[in-house]
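1. turn this into a model:
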Amino acid sequence: MGPVTLKKSPSRRQPRIWKISRPPGPRGVDGSSVIEQEQARQALQVLRGVEPDVGETLELKVAGTAESLHLPRAAFELIRDVLANMAAGQGVTVVPAHAELTTQQAAEMLNVSRPHVIKLLDERQIEYRLVGRHRRILESSLIAYRRSQLGAARSAADELAAHTEELGLY
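-> Predicted coordinates:
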């Protein structure tokens, strides 16, 4: 089985968006490779106890060579987050914070249809700008929308739980 590879989005003018693609092999229920999940779990176990100080780098040795590299703390934390998601069998997409996304890319990130994203844009729930006739969504605007939706969903769930307790149904 080959290694996990990173593929760049095919668009020329769009920001580089990296998605983890998996080689063929036995898959778990959610489509992730069982072997990859286990490898990610093992790597995560090793990295959980490592905490570089602020401003320090982490030295990594490259297997099979005499090379080593110094990984900044922010990159180390990102790798640890990627491994945690892979260990849980979840896909990972890395998008630069300043990236401008197409409506299709935004829809994929929100896991909704492109027409729904356009509706959200028209309702001004997500900030965007026009480039000619094309809508471009700043990644930070998309993340802000997602956070507000998660907050609203949590509030609604808390309110529902309170009502359930008041009525003695729980």
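2. can you count the residues close to V82?
-> 19 (other C-beta atoms under 10 Å). Glycine gets a C-beta too; all of them are placed from N, C-alpha and C.
3. correction: A106
-> A106: 27 surrounding residues under other C-beta under 10 Å.
4. ok, now A40?
-> Neighbour tally, A40, other C-beta under 10 Å: 21.
5. swap in V112?
-> Neighbours of V112 (other C-beta under 10 Å): 13.
6. run a quick neighbour tally on the residue nearest to L44 when sequence neighbours are not counted.
-> With C-beta to C-beta, 6 or more residues apart in numbering as the measure, L83 is the residue that lies nearest to L44, at 4.5 Å, once sequence neighbours are left out. Neighbourhood size, L83 [other C-beta under 10 Å]: 21.
7. L83 and A43 touch, don't they?
-> Yes. Look at L83 against A43 with C-beta atoms under 8 Å: they come within range, at 5.3 Å.
8. where does this structure have its least confident helix or strand?
-> Each helix and strand of the chain was given a mean pLDDT (mean pLDDT, DSSP states H and E); the minimum falls on strand 5-8 at a mean of 42.
9. where do the strands of this protein begin and end?
-> With strands called from DSSP state E, the chain shows them at 5-8, 18-21, 57-61, 68-72, 93-94, 100-101, 129-131, 134-138.
10. contacting residues for the residue nearest to Q104 when sequence neighbours are not counted?
-> Among residues not flanking Q104 along the chain, R114 sits closest, at 5.3 Å (C-beta to C-beta, 6+ apart). The contact partners of R114, by C-beta atoms under 8 Å, 6 or more residues apart in numbering, come to 103-104, 107.
11. now the buried members of the residues you listed.
-> Among the contacts of R114, those classed as buried by 16 or more other C-beta atoms under 10 Å are 103, 107.
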